[in-house]
Every structure is written in C-alpha cells, then in structure tokens.
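Student: Sequence and predicted structure, then a few things I'm wondering about:
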Amino acid sequence: MVHGIRVHAVGGPDCLKWEEIEVGAPGPGEVRIRQRAAGLNYIDVYHRTGLYPVALPAVIGMEGAGDVVALGEGVTSLAVGDRVAYGSVLGGYAEERLIPADRLVKLPGGITYETAAAMMLQGMTVRYLLRETYKVGPETVLLFHAAAGGVGLIACQWARALGATLIGTVSTDEKAELARANGATHVIVTSREDFVARVAEITGGKGCDVVYDSIGNDTYLGSLDCLRPRGMWVSFGNASGPVPPVDLKLLKGSLFATRPTLMAYVATHAELAENAADLFQMVESGAIKIVVNQTFPLKDAALAHEALEARRTTGSTVLTI
Ligand code: NDP
C-alpha cells in the first residue's frame, strides 16, 4: 500500500491529506521510483493555495530522490536500482511515483537522498539565476532577498564561490548571522532597516547590477530602486504575494526585467543534465554545503507548510519517507 499527500480543494495547510494512492505501472518513457525523501519548496504553497493552479485532485510536491523500481517501454537510459533525483515535476509528496525518465538525473555516489531532495529544485534555481539569467562574476554586486531561506543560503554560497558581492535581506538577526556564515558579504535586517537606503549606502549610491527578488509584492518597488542604470530586476517568486501589473515607466534608467522559471531553463534533458552536473560538482567539491535545518515526516507536510509560511524555516526542508 502506497501513501501520498493529496489536495482535493485549495486552501490552508489542512487541505493536505495523507491518503492511499494508486501509482500503477510506468507508461512508455516513464519509470516508477520508490522515493527516499521529498523536498519542500515555496511553489508547493502556491499549488496548495491555488496561486499557481493545478488540476485537482493532485499529489503536490515538485522534488524528490529515490530508487528506480520499474521501467516503462522504451526506457534505456535508466536501470532498476538506479539512484535518481528530480526538481520541478509535480507529484513529489508520495512514497512512490511515476515520472518521465528524461526528467530524472542519476545521483552521484557522494550525494545522499536527503541532500538531493533538499537541493535539486533550489540548487538548480540558483545555478540558472547566477550563471544564466545574469552572469554573476567577481565584479558583480547583487541584492538577494530572503538570503537565509532554502534558495537564499545556496545563493550566498554560490555567489561567494564566484567572487561576487552579495547583499542579502533577512527578517531577523539570527537569519542575518546564518546568511553571513554562508557567504553573504552584507546583510540587511528588514525588520529594522530600510533596504533601499542600506543598499545605497553599501554601494556608495551606485546601486546593484542585479536584484533577485522572490518576495514579490512587498519588495518589488524597493528592488527597482536598488538597481544601477541598465541593471536587471529578476522577479522570481511571490512569498509575500504576486507583483501587481507593472507600469513600464518603473523601468526608467533603462532597467531590464525578467520573470524566470526553472522549467524554462531545464526544458530539455541536455539543459537539465548540464545544470544538475554543475550543482553536483559544486556540492561534491565542498564549495556549497546544503543546509537542511528542518525535516518533517511526509505525512506531516501540513506542519512543514505552516513553518515555511510563518517564516520559521531557514535553509532547506526535507520531507522524510
Ligand atoms: P524560503 O526558504 O526562501 O522561504 C521564504 C522566505 O521568504 C521566508 O523565510 C522569508 O524570509 C521570506 N519572506 C518575506 N516575506 C514573506 C512573507 N510575507 N511570507 C513568507 N515568507 C516571506 O523559500 P524557498 O527557498 O523555497 O523559495 C524562495 C523563493 O524563491 C520563493 O518565492 C519561491 O517561489 C521562489 N522560487 C522561484 C523559482 C523560480 O524558478 N522562479 C524556483 C525556486 C524558488 P525572511 O523572514 O528572512 O524575510
């Protein structure tokens, strides 16, 4: 008997139901995996609340790691027993699941299931944000909101490895310490500091080359004010609510704006494999340590959602199976 967390109607954390689920045999191009760990991501909240609609009922969750237990017709790239992981394929909150083989990567021996479940989505996101959306290098000054979060702590470490100057925002002094310990050059505590004024001070009035804003509604206007002329505003999340329609005049100073998603950067298997290989290399070399500060049994996913939305989590969170 296989269990998972299913949503029948959108709502608060209590709409996450631990139920028996039917998995079935893999179809052509698919494999069945027995999951060893699943990841918690903010997008799971958007799916649960309906901000990003999914067809219901649905097993939500976008990330996991485990073992291949059955192959569908035509799958030659994987074998039963392979250790695999993925980020960004709906259906992750389950003990077992079906998944297209070309959405999986094989896990190197040095990466545990827990680390994989903690980093595939958040780590590949940081990779495309810092290496592709804007090519961050030693000269880059970047502002990264929610710097002590799951994506945030990986971004701090990756920016440090690239030699960049990362200015992070966080809501508490404890989170500031954590962001600094993970490589943030400067940290702004938003509960007592105005981040726009502090960025101006830190950059000597020049502004940042790029702002990575996953907070959305509460921060987007300030974020635009933190950019240098021709800087780039990367709006990649909505933790405080979605950004309202933006008047193009807000991009005065010849700013660039983009609204990227991981899926668009790992749309082909080649892109997925390249991104994941870079992430694995950063982790296996020790340049990045995946910080798992919370674990919850999968059946308690509702508690994990509550903690994430109440801003009580830092680093990554894993749902254990
Ligand atoms: P986090 O661990 O970063 O958790 C969210 C953090 O946002 C909180 O800890 C909190 O940090 C901050 N925050 C600010 N305002 C609020 C608010 N009103 N409610 C809740 N949190 C708030 O989550 P993830 O690492 O999973 O994701 C970070 C962001 O990145 C999310 O917005 C997510 O949607 C986005 N994302 C986008 C992707 C893409 O490809 N577009 C892919 C992956 C993630 P503090 O208390 O320090 O302010």
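Tutor: Yes, it's here. Numbers count the residues shown, from 1 in each chain.
Student: Could you measure from Lys206 over to Ile167?
Tutor: In this view, Lys206 and Ile167 are 12 Å apart by Cβ to Cβ, to the nearest Å. Where you see a C-beta, it was placed from the backbone N, CA and C, and this is true even at glycine.
Student: more neighbours, those two?
Tutor: Neighbour count, other Cβ atoms under 10 Å: between Lys206 and Ile167, Ile167 has more, with 25 against 14.
Student: How about the more buried one: which residues does it bridge to?
Tutor: Using DSSP bridges, the beta-bridge partners of Ile167 come out as Leu143, His186.
Student: That one reaches Ile202, doesn't it?
Tutor: Yes - assessed by Cβ atoms under 8 Å, Ile167 is found in contact with Ile202 at 5.9 Å.
Student: what residues do the two have in common as contacts?
Tutor: Both Ile167 and Ile202 are in contact with His186, where contact means Cβ atoms under 8 Å, 6 or more residues apart in numbering.
Student: related to what we said a few turns ago, shared neighbours of Lys206 and Ile167, anything?
Tutor: Val141.
Student: And Lys17, which helix or strand is it part of?
Tutor: Following DSSP states H and E, one finds Lys17 within strand 16-20.
Student: To clarify, my last question referred to Val196.
Tutor: helix 195-202.
Student: Look up how far Ile288 lies from the residue nearest the centre of the chain.
Tutor: The chain has Gln122 as the residue nearest its centroid, 2.9 Å off, counting by Cα atoms, centre = their mean. Counting by Cβ to Cβ, the gap between Gln122 and Ile288 amounts to 11 Å.
Student: Give the intersection of the neighbour lists for those two.
Tutor: Ile154.
Student: And the residue of the stretch 51-200 of the chain that's closest to the ligand?
Tutor: Gly149 (2.0 Å; Cβ to the nearest ligand atom).
Student: residues touching that residue, list them.
Tutor: Neighbours of Gly149 in contact, by Cβ under 8 Å, 6+ apart: Ser214, Thr313, Thr314, Gly315.
Student: Would you mark the buried spots in stretch 160-176?
Tutor: Neighbour-count burial for stretch 160-176, counted by 16 or more other Cβ atoms under 10 Å, picks out Arg160, Leu162, Ala164, Thr165, Leu166, Ile167, Gly168, Thr169, Val170, Lys175, Ala176.
Student: before we move on, back to that, only the buried residues of the strand holding Lys17, if you could.
Tutor: Result for strand 16-20 [16+ other Cβ under 10 Å]: buried residues Leu16, Trp18.
Student: those helices in this structure, which residues are they?
Tutor: 42-49, 113-128, 150-161, 173-181, 195-202, 220-225, 262-265, 269-284, 301-309 (DSSP state H).
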